[in-house]
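Enquirer: Predicted structure and sequence below. I'll ask about it afterward.
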Amino acid sequence: MTARIHRRAAALLVAALTASGCSAAGSGTPKQGDGAAEAVSPTVVSIGTAAESRGPAAPVAEAKSGGIVTVLQTADFKHLDPAMVYATNASTASQLFTRCLTRYKQVGGKAVLVGDLATDTGTPSDGGRTWSFTLKDGLKFDDGSDVTAEQVKYGIERSYDKSRTGGPNYVQTWLSGADYANVYPGPSGGASLPDSVLEAKGKSLVFHLKEAHADFPFAVAWPSTAPVQQGKDGKDYDRAPQSTGPYRIVRHDDTSMVLERNQYWDPATDPLRHNYPDGWKFEFGVQSQQTSQRIAAQSGTDKNALSLTTQIDASFVPQSQTDPDLKARTVSGMTPYVRYFNINTARVTDLEVRKALYTAFPKQQLRQIYGGSSYGEIATTILSPATIGYQGYDPFPGLALSGDPGAAKQILDKAGKTGTKIVYAYSQDESGEKGALLISAALAKAGFDVIKKPIEASSYLDAIIKKDNGFDLYTGGWSADWPSGAGTIPALFKSSNADGSYNYSKLADPAVDAEIQRINQLADIAEQGKAWAALDKKIMEQVPVIPFVDTRSTLLVGSNIGGAYIGSTSSALSPLDIYLKSVD
């Protein structure tokens, strides 16, 4: 991963740090009391077959056609051009009108990666360095013209252009190297990527990667693999890109965006989408509290309202847990985002001191500040349960969720480290201040000398990311771009990422680096999954982090909304099965 790729996780971290403390009457009770760590069921993620990639999508029971869904959103989309889509709100909404080579579909409680534009999830050869895809028959743009492999190639070529930044760059980097934008500047000069890099003819695409990547089918699930007609490209494309999905954009300004059905979308080609509503209206500038107020009150057409990404406002959490009506309209699900407390291993070099920090840490009490179980489940692993090959384990079995300062003090005393100074850095907001008091009290009881360092919230990430940040303990977090350990462990623990990048714990271990390199070259995704899970355990033997919470996403919807659920690989409400229960 490059620094550019990490922006999505950085935004999620900032959101987690500035989240309001949800009141939580009764919501913080752990599933297994205050003894062993909670068991978090892994999210089953698999790679689908050609048969699972065929349309149409399975019908949703009791779904009706008709009506307009209202989407309340805090701000307009930063980008909708598929070459630049990365933010969760845009990547979620774009599923309604942008199709990629692959995508995830929900099957019961699991996510399955399937061919979207492609007939399947790709065929590897040359040890995983070459990947071949075939486009489905019947694919069309919203002007009725056929989708071709050449247009998919052109769409990918556009993502090389330095003027189109902000999107993920896995495909470009794996095809052309880290300096891809200088190797090939994009199609605006008239040149195309050579066939030795990317072949496109009719319905056939062949990618020639510089190295083997077993998880390439996940990389092409991002919108950068959407087809684009060169003649339709232009400066306004970011406002209203062409549609290959069930809806098309008919109006988009600073206050709203309106979608209507795309008559040229063929459900027989689409294994995951429906077009039950007649249309969608996105309203911009509706802040968190106002969103919850409107959906709770549901005056007028707000019974048809939802938000794809705005979490329930903290002030509405108690009501949503006790009011039968709101409780029935609360949609909740686990996300791939894991929050940690990082231990700066470059400063806290003694393993016994790091073990004492982990042992004393008050996970359960701290989770209460952020909303109890509505915020998420107590974590014990580096990898999210949404990761392929995930193996749950507890590095400190039997340790209470509330921590054990007494046991931590014994560790420090035995190591001769009682009184060790710990500089704890935290975001200077309401939740950060409350958490700092709680954490410093627990660590002091264990025998640490704690110095609290508040940091202005907007500067927090820049402060902790520095190699020599001057801090010993601070919170961080991560959400991988697809459910593989390759999207988490290299970014967080590779030595080269310790200097000004997302190795927040500043771990520098040649053995870990070598194992990352070895696993990345494995050609089988299942074998990779087992290896990442084993490396997770191995890294935790050094205690570079205190895993805190596998986070939960909780949103309100109007009473007339049906088919709502949190996507298994996202923190957002999936729009794919949404319908209106009653159509006026």
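Expert: In hand now; what should we look at? Numbers count the residues shown, from 1 in each chain.
Enquirer: in what helix or strand does the closest residue to residue 467 other than its chain neighbours lie?
Expert: Counting by C-beta to C-beta, 6 or more residues apart in numbering, residue 499 is the residue found nearest to residue 467 once chain neighbours are left out, at 4.4 Å. Using the backbone N, CA and C atoms, a C-beta is placed for each residue, glycine as well. Using DSSP states H and E, residue 499 is not contained in any helix or strand.
Enquirer: Is residue 499 in contact with residue 468, as I believe?
Expert: No - contact criterion C-beta atoms under 8 Å: residue 499 and residue 468 do not qualify, at 9.2 Å.
Enquirer: These two: which is more packed in?
Expert: More crowded of residue 499 and residue 468, by other C-beta atoms under 10 Å: residue 499, with 13 against 10.
Enquirer: Could you tell me what pLDDT the model assigned to the more buried one?
Expert: Looking at residue 499, its pLDDT is 74.
Enquirer: Can you tell me how far it is from residue 487?
Expert: Applying C-beta to C-beta, to the nearest Å, the value for residue 499 to residue 487 is 21 Å.
Enquirer: mind listing the strands for the stretch 51-200 of the chain?
Expert: Counting by DSSP state E, counting those that start in this stretch, the stretch 51-200 of the chain has these strands, from start to end: 68-73, 102-107, 110-115, 123-125, 130-134, 198-201.
Enquirer: I'd like to know which of these is closest to residue 148.
Expert: The closest of the strands of the stretch 51-200 of the chain to residue 148 is strand 198-201. By C-beta to C-beta, the value is 7.8 Å.
Enquirer: My read is that residue 356 contacts residue 406, right?
Expert: No - in this structure residue 356 lies outside contact range of residue 406 using C-beta under 8 Å: 11.1 Å.
Enquirer: Give me the common contacts of those two.
Expert: residue 446 (C-beta atoms under 8 Å, 6 or more residues apart in numbering).
Enquirer: Neighbour count: those two, which is higher?
Expert: Using other C-beta under 10 Å, the more surrounded residue of residue 356 and residue 406 is residue 356, with 31 against 12.
Enquirer: Identify the residues contacting that one.
Expert: 408-409, 411-412, 415, 417, 446-448.
Enquirer: try 7 Å this time
Expert: When contacts are counted by C-beta atoms under 7 Å, 6 or more residues apart in numbering, residue 356 is found next to 408, 411-412, 446.
Enquirer: Domain-wise, how is this protein divided?
Expert: Domain assignment of the chain by automatic domain parsing yields the ranges 52-316+556-584, 340-552.
Enquirer: pLDDT weak spots in this protein?
Expert: For the chain, residues meeting the criterion pLDDT under 70 lie at 1-44.
Enquirer: any idea how far the residue most central in space within it lies from residue 325?
Expert: For the chain, the residue nearest the mean C-alpha position is residue 479 (4.5 Å; C-alpha atoms, centre = their mean). From residue 479 across to residue 325, the span is 32 Å (C-beta to C-beta).
Enquirer: And for residue 135?
Expert: Distance, residue 135 to residue 325, using C-beta to C-beta: 46 Å.
Enquirer: next one: residue 348
Expert: 49 Å.
Enquirer: And for residue 132?
Expert: Distance, residue 132 to residue 325, by C-beta to C-beta: 52 Å.
Enquirer: These two: who's more crowded?
Expert: Per other C-beta under 10 Å, whichever of residue 132 and residue 325 has more neighbours is residue 132, with 15 against 12.
Enquirer: ok, now which ones touch residue 82?
Expert: With contact taken as C-beta under 7 Å, 6+ apart, residue 82 is in contact with 98, 155, 223-224, 226, 241.
Enquirer: make that residue 476, sorry
Expert: 13, 340, 342, 464, 504.
Enquirer: secondary structure element for the third one?
Expert: Applying DSSP H and E as the criterion places residue 342 in strand 330-343.
Enquirer: Keeping just the C-alphas, turn that strand into CSV.
Expert: Provided in CSV are the C-alpha atoms of strand 330-343 (Å, rounded to 0.1, in the frame of the first residue of the first chain):
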residue,chain,number,x,y,z
THR,A,330,-32.5,0.7,14.0
VAL,A,331,-30.2,-1.1,11.6
SER,A,332,-26.9,-2.3,13.1
GLY,A,333,-24.0,-4.5,12.0
MET,A,334,-20.3,-5.1,12.5
THR,A,335,-17.8,-3.3,10.3
PRO,A,336,-14.3,-4.2,9.1
TYR,A,337,-12.9,-1.3,11.2
VAL,A,338,-10.7,-2.2,14.2
ARG,A,339,-9.6,0.3,16.8
TYR,A,340,-6.4,-0.2,18.7
PHE,A,341,-4.2,1.5,21.3
ASN,A,342,-0.8,1.6,19.8
ILE,A,343,2.3,1.1,22.0
